[in-house]
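1. here's a sequence, model it:
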Amino acid sequence: MNTDDNKKWPGVAALGLFAVMAWVFLGAEFGEAASGFAGDAGVTASIGYAMFNIAADNAIASEGFLIPFEIIDLVLVAALVGAVMLARRDEGGTITSALRAHSDESQPSEVVADGGREQGGDQ
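-> Down below sits the predicted model:
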């Protein structure tokens, strides 16, 4: 099989998938639009009041989301601190990493951004 034939099959598959998705989308019935909230209650205001457990006259009654919001906040902060700790440099100024440009430990090696391959020279 020719290498040019291998390059066109992903394109043919993408066009086929696009055709199927267009056929499904154009054949779908969406029905009538939602009427929204009753009275003067707004969607954005109701979400904000529900998130912080605030009772208001123009909001839809719902359960509060303050505790889950704070738990997610703590998990994301811990992930950010962990990422900073993993990316920190040693006291000597080199980045702590398992990837090295040279496998020979007798000579100093530098960590390179391309996964350990040196740039230039024979490739």
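2. list the helices and strands the longest helix along the chain packs on?
-> In the chain, taking DSSP state H as the definition, the longest helix is helix 3-27. Helices and strands touching helix 3-27, by 3 or more CB pairs under 8 Å, 6 or more residues apart in numbering; DSSP states H and E: there are none. All C-beta spots, glycine's among them, are computed from the backbone N, C-alpha and C.
3. what residues of it count as buried?
-> By neighbour count with 16 or more other CB atoms under 10 Å, helix 3-27 contains no buried residues.
4. contacts for that helix, please.
-> By CB atoms under 8 Å, 6 or more residues apart in numbering, no residue outside helix 3-27 reaches it.
5. helix or strand right after that helix?
-> Next in sequence after helix 3-27, counting helices and strands by DSSP states H and E, comes helix 43-51.
6. so what's the model's average confidence on that next one?
-> Averaged over helix 43-51, pLDDT sits at 79.
7. hey, C-alpha coordinates of that helix in PDB?
-> The C-alpha coordinates for helix 43-51 follow below in PDB (Å, rounded to 0.1, in the frame of the first residue of the first chain):
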ATOM      1  CA  VAL A  43     -31.500  32.400  36.000                       C
ATOM      2  CA  THR A  44     -28.200  34.200  36.800                       C
ATOM      3  CA  ALA A  45     -29.400  35.600  40.100                       C
ATOM      4  CA  SER A  46     -30.900  32.200  41.200                       C
ATOM      5  CA  ILE A  47     -27.600  30.400  40.500                       C
ATOM      6  CA  GLY A  48     -25.600  33.000  42.500                       C
ATOM      7  CA  TYR A  49     -28.000  32.900  45.400                       C
ATOM      8  CA  ALA A  50     -28.000  29.100  45.400                       C
ATOM      9  CA  MET A  51     -24.200  28.900  45.300                       C
END
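8. what's that helix in contact with?
-> So helix 43-51 is contacted by 36-37, 54-56, 58-60, 62-66, 69 (CB under 8 Å, 6+ apart).
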